[in-house]
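Colleague: no sequence on this one, just coordinates:
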């Protein structure tokens, strides 16, 4: 089974998560973790593409877990983290991981964050090695098992 088959299976399972479970993720730490992770993955290939930004906003607007947040707030937080990568990639990564560590103790939030970040990584049609490594960095920082994500 190829890595993309495993990843596809993981994404299909994640999509089947119940709405009642997703409603638990309506806090600012979770929002920051998600947008920080999205910025980290999007910046991993050296370019935060429009498709990655559009996918993130679309996911948040359509997610029961995140649509409680105003789109303007989501964009503002994403731009905050993205600007760290523009200033210096290592500083951007450190700031993003710092924000994500606030959800480390909550396995459900951490898994949902990684799921969304994986979706961002494949948003431009190419989930490249750098983006996959960024996702690995995220799940390692959050204390999640790599076998759960097939990457």
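Modeller: On my side now, so go ahead. As the structure is a computational prediction, the values presented were derived from the model and not from experiment.
Colleague: So what's the gap between the helix or strand where residue 97 lies and the chain middle?
Modeller: If you go by DSSP states H and E, residue 97 is part of helix 89-100. When distances are taken as Cα atoms, centre = their mean, to the nearest Å, helix 89-100 is centred 13 Å away from the chain's centroid.
Colleague: give the contact list for residue 81.
Modeller: Neighbouring residues of residue 81 by Cβ atoms under 8 Å, 6 or more residues apart in numbering: 35, 36, 38, 39, 40, 92, 95, 96, 99. Every C-beta, even on glycine, is put in place using the N, C-alpha and C of the backbone.
Colleague: quick one, phi/psi of it?
Modeller: The phi and psi values for residue 81, taken as degrees, to the nearest 10, are phi -70, psi -40.
Colleague: Equivalent analysis for residue 134, please.
Modeller: According to degrees, to the nearest 10, residue 134 has phi -60, psi -40.
Colleague: doesn't residue 36 make contact with it?
Modeller: No: with contacts counted by Cβ atoms under 8 Å, residue 134 stays clear of residue 36, the gap being 11.2 Å.
Colleague: Between those two, tell me which one has more neighbours.
Modeller: Ranked by neighbour count (other Cβ atoms under 10 Å), residue 134 and residue 36 place residue 36 first, with 29 against 23.
Colleague: Any idea how many residues pack against residue 107?
Modeller: 13.
Colleague: Please tell me how far the closest residue to it other than its chain neighbours sits from residue 72.
Modeller: In this structure, residue 107 finds its nearest non-sequential neighbour in residue 144, 7.5 Å apart by Cβ to Cβ, 6 or more residues apart in numbering. According to Cβ to Cβ, to the nearest Å, residue 144 stands 30 Å off from residue 72.
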